[in-house]
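Undergrad: Below are the sequence and a predicted model; questions follow.
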Amino acid sequence: MRIGILCLQGDFAEHSQTTLAAAYRLNTPCTVVPVRAKEHLEGLDGLIIPGGESTTIGKLLVRNGMVAGISKIPKIFGTCAGAIMLAKRVEGAIPGQHFLSLMDIGVKRNAYGSQSSSFQMRLKTELGDVDAAFIRAPTINFMGQNVKPLAYKDGEVVAAYEQVGDKHYLACTFHPELSTTLFHEFFLLLGK
């Protein structure tokens, strides 16, 4: 399995390590591919879009001609800003901001406040209990009828999954790569 990690900004090193650890736990052969240009998208079985700043990520994807190639990848996992990039609806978007608009969710950018309002908590999820870091995190404030919630924080959805035909989309508003392999394991198993 070839899993790309978008390496334009964010904690792509942590996602790489967590993906390899998840593959090891699942006894699944996996190659992690750093993705910095559109040619790196070819032949991927999945792509992880780390956190960062969604405005910047969108600009870089457009400038590097990567949007069309990403939309062809069978499964995509977005964390924090990556979840914003996947969403079809974005509250708090800057005019002219670019998104992938692949997953039938709505998100609210910076839902918990600024960087200084970031926090960690123990979170119950459909995959098991995890320590979750919310860093300038969005919330998921809309889910289409085929979207399945995977985790809640105080009644708000903070992780969700959707299958659209043979495509799979996973969104987390927190950073599972900092504390658990559970979401990466779930992602690696999608489509099998």
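TA: The structure has been received and is ready for your questions.
Undergrad: quick one: low-confidence parts of this structure?
TA: 113-114, 116 (pLDDT under 70).
Undergrad: let's go with 80 and repeat that
TA: Across the chain, the ranges flagged by pLDDT under 80 are 111-117.
Undergrad: Okay, helices next: where are they in it?
TA: 12-26, 54-63, 67-71, 81-86, 182-189 (DSSP state H).
Undergrad: can you tell me which residues contact the spatially closest residue to residue 135 that is not a sequence neighbour?
TA: Excluding its sequence neighbours, the residue lying closest to residue 135 (CB to CB, 6 or more residues apart in numbering) is residue 118, at 4.4 Å. C-beta here means a position set from N, CA and C on the backbone, and glycine is covered the same way. Applying CB atoms under 8 Å, 6 or more residues apart in numbering, we find residue 118 in contact with 112, 133-137.
Undergrad: And for residue 99?
TA: 54, 58, 84-88, 90, 93.
Undergrad: Out of the residues you listed, grab the one that's most surrounded.
TA: residue 84 (33 neighbours; other CB atoms under 10 Å).
Undergrad: Spit out the contact partners of the residue lying closest to that residue once chain neighbours are set aside.
TA: Ranked by CB to CB, 6+ apart and with sequence neighbours excluded, the top spatial neighbour of residue 84 is residue 54, at 4.2 Å. Neighbour list for residue 54: 81, 84-85, 90, 97, 99, 109 [criterion: CB under 8 Å, 6+ apart].
Undergrad: With residue 170 instead?
TA: 75-78, 150, 159-161, 183, 186-187, 190.
Undergrad: Just the buried ones out of these, please.
TA: 75-78, 150, 159-161, 183, 186-187, 190 (16 or more other CB atoms under 10 Å).
Undergrad: Let me have the contacts of residue 118 in TSV, extended by distance to residue 3 and neighbour count.
TA: As requested, these are exported to TSV (distance: CB to CB, whole Å; neighbours: other CB atoms under 10 Å):
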residue	distance to residue 3	neighbour count
112	29	17
133	22	19
134	24	22
135	23	19
136	25	19
137	23	29
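Undergrad: Taking those together, which two end up most distant?
TA: Pairwise distances across the contacts of residue 118 (CB to CB) peak at 11.6 Å, for the pair 112 and 133.
Undergrad: Report the contact partners of the residue nearest to the spatial centre of the chain.
TA: Most central in the chain under CA atoms, centre = their mean is residue 78, positioned 0.9 Å from the mean C-alpha point. By CB under 8 Å, 6+ apart, the contact list for residue 78 reads 48-49, 84-86, 103, 169-172.
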